[in-house]
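whatever this is, show me its structure:
(4 chains)
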Protein chains: 2
Amino acid sequence: MTLHERSCTLVGVSTDGRLLKGEQTRNVILCRAADIASAEGLEGLSIGRLATELRISKSGVFTHFGSKEELQLATVRKAAAVFREHVVEPALAVPAGLGRVRALLDAWQRYQRAPVFPGGCFFHSTMAEFDARPGRVRDAIAGSQGDWRAFMERCLREAQESGEIDPSADLPQLVFELDAVCRTGAANALLHDDPAFYDRAARAMDARLAAVTARGGPRGAG
Amino acid sequence: MTLHERSCTLVGVSTDGRLLKGEQTRNVILCRAADIASAEGLEGLSIGRLATELRISKSGVFTHFGSKEELQLATVRKAAAVFREHVVEPALAVPAGLGRVRALLDAWQRYQRAPVFPGGCFFHSTMAEFDARPGRVRDAIAGSQGDWRAFMERCLREAQESGEIDPSADLPQLVFELDAVCRTGAANALLHDDPAFYDRAARAMDARLAAVTARGGPRGAG
DNA sequence: AAAATAAACGAACGATCGTACTTTCTTCTC
DNA sequence: GAGAAGAAAGTACGATCGTTCGTTTATTTT
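As a prediction, this is how the structure comes out:
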């Protein structure tokens, strides 16, 4: 292996491409961290607890990240990857247009209902936790949140350009309302232990979408 | 003063009706506690920090509540009282009907924008924090949340009964959507430090209300 | 003003927090 | 398989957490 090849390898990856032991452990830690943080928040996440639950020494957990803030940032990135896997990728598997929009919203609602995170959507929890706490963690969360809305808007725009969505529809506004309704539905369902809120959210989302897919052109501000 | 009169006096109130010193202090503590919790969460709220900021001894703070959970519960009740004062009472000052509905939504949006809590709406923060954490605190938050939606629905029903709102409108669904949009707008405004989200929320709320106040009867699922 | 009660203090507890070390063991590379 | 590199353990630190206690100071009632 030449020097150039060597310097190009990723950290945590062995010479023959497999994952290094440390990288596997790091991943195990982050999976658990995202689970905990979805229920207890990113501050409730503690290195000692992580170590106890995973039967690793506290310093063993710590050295993977170097600081709690770095652990929190890595956890946010991990959660974003999980979200992409469960929601974004299923949508990308469908051709652009209204079908993809439907696939996206379906996958999103399935993700909210399914216990992929034990404490509900990771981003709903942590966004409320950090929205008034400036810093790198908040920025990371805000970034993920922005990416998500941008992706939703892109899917809607594709459907708009193919003529399946009213050309006069205000897409950022639509994205905002879909986001609001879906996340609030899931939060209420959890808080009141009542799945009916998922249905309310679904109904609202269907209505929003129906209002901009009517054949007869624009129909009010709806 | 008879024995009966004596036994009927409230705790923390002196014989001549004034507030006892302890009750005043307790109130000061709870005001600060609600402020902190709106930004840092009810778990981030710590007795030691409360004591330092208010220049009271830690034990002095503690004995007012007896446990952290009791402090959290008292803080939730205090925040609910503040919310009522800022949002519910201004609406009750207006005669029942569509006018009261408008007053309610106005007061609510003003409350979200104004820094009555430094960390945004207390209930948005704490609901996301406790929605997956069973216990008395979650029950208290869920109760307040339910009361709030019930009150909103009552105002809407008054307007419906007076013929100002479409009789076929699904009020619980409308309440859910108004709630979702308003709270998410405020949360996003804080997270991204962008007041435009308040306007998005306002636009969505106006549209929802307009859809059920149209003179020509029901117009689609809106 | 005296007696009774309430409120606040100050010190200490065990536990846990994040972080910093050194040491031991495992894993990868050559 | 030897040597290098990496991962995990172990221990200890200062700080802060919620809580308990006994004491002292304020306030209220008689």
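
touching DNA strand C at all, stretch A:24-36?
No. Counting by Cβ under 7 Å from any atom of the strand, DNA strand C is not contacted by stretch A:24-36; separation bottoms out at 8.5 Å. Yep, even glycine has a C-beta here, placed from its N, CA and C like the rest.

which regions of chain A lie under the pLDDT threshold?
By pLDDT under 70, the low-scoring segments of chain A are A:1-20, A:215-222.

remind me, longest helix of it?
Counting residues, the longest helix found in chain A (DSSP state H) is helix A:136-161.

which other helices and strands contact the helix or strand just after that helix?
Following helix A:136-161 in sequence order, the next helix or strand is helix A:171-192 (DSSP states H and E). Helices and strands touching helix A:171-192, by 3 or more Cβ pairs under 8 Å, 6 or more residues apart in numbering or on different chains; DSSP states H and E, are helix A:98-113, helix A:122-130, helix A:136-161, helix A:196-212, helix B:122-130, helix B:136-161, helix B:171-191, helix B:196-213.

just the C-alphas of helix A:171-192, formatted as PDB.
C-alpha atoms of helix A:171-192 as PDB (Å, rounded to 0.1, in the frame of the first residue of the first chain):
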ATOM      1  CA  LEU A 171     -44.400  25.400  -0.600                       C
ATOM      2  CA  PRO A 172     -42.400  26.600   2.400                       C
ATOM      3  CA  GLN A 173     -45.600  27.400   4.200                       C
ATOM      4  CA  LEU A 174     -47.000  23.900   3.300                       C
ATOM      5  CA  VAL A 175     -43.800  22.300   4.600                       C
ATOM      6  CA  PHE A 176     -44.100  24.300   7.800                       C
ATOM      7  CA  GLU A 177     -47.700  23.200   8.400                       C
ATOM      8  CA  LEU A 178     -47.000  19.500   7.500                       C
ATOM      9  CA  ASP A 179     -44.100  19.500   9.900                       C
ATOM     10  CA  ALA A 180     -46.000  21.200  12.700                       C
ATOM     11  CA  VAL A 181     -49.000  18.800  12.500                       C
ATOM     12  CA  CYS A 182     -47.000  15.600  12.200                       C
ATOM     13  CA  ARG A 183     -44.600  16.300  15.100                       C
ATOM     14  CA  THR A 184     -47.300  17.700  17.400                       C
ATOM     15  CA  GLY A 185     -49.500  14.700  16.700                       C
ATOM     16  CA  ALA A 186     -46.700  12.300  17.800                       C
ATOM     17  CA  ALA A 187     -45.800  14.400  20.800                       C
ATOM     18  CA  ASN A 188     -49.500  14.500  22.000                       C
ATOM     19  CA  ALA A 189     -49.900  10.800  21.300                       C
ATOM     20  CA  LEU A 190     -47.000  10.100  23.600                       C
ATOM     21  CA  LEU A 191     -47.900  12.600  26.300                       C
ATOM     22  CA  HIS A 192     -51.500  11.500  26.600                       C
END
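
returning to that earlier point: what about the longest helix of chain A, near chain B?
Yes. Residues of helix A:136-161 contacting chain B under Cβ under 8 Å from any Cβ of the partner chain: A:138, A:141, A:142, A:145, A:146.

can you turn the buried part of these into a ChimeraX selection?
Here is the ChimeraX command that selects the buried residues among the residues of helix A:136-161 next to chain B (16 or more other Cβ atoms under 10 Å in any protein chain shown):
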select /A:138,141,142,145
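
columns distance to DNA strand D on top of the residues of helix A:136-161 next to chain B, output as a markdown table?
Shown next, in a markdown table, are these (distance: Cβ to the nearest atom of the strand, whole Å):
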| residue | distance to DNA strand D |
| --- | --- |
| A:138 | 20 |
| A:141 | 23 |
| A:142 | 26 |
| A:145 | 29 |
| A:146 | 32 |
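
out of the residues of helix A:136-161 next to chain B, who's nearest DNA strand C?
Closest approach to DNA strand C among those (Cβ to the nearest atom of the strand): residue A:138, at 16.7 Å.

excluding chain neighbours, what is closest to that closest one?
Of all residues not flanking residue A:138 in the chain, residue A:130 sits nearest, at 4.3 Å (Cβ to Cβ, 6 or more residues apart in numbering or on different chains).
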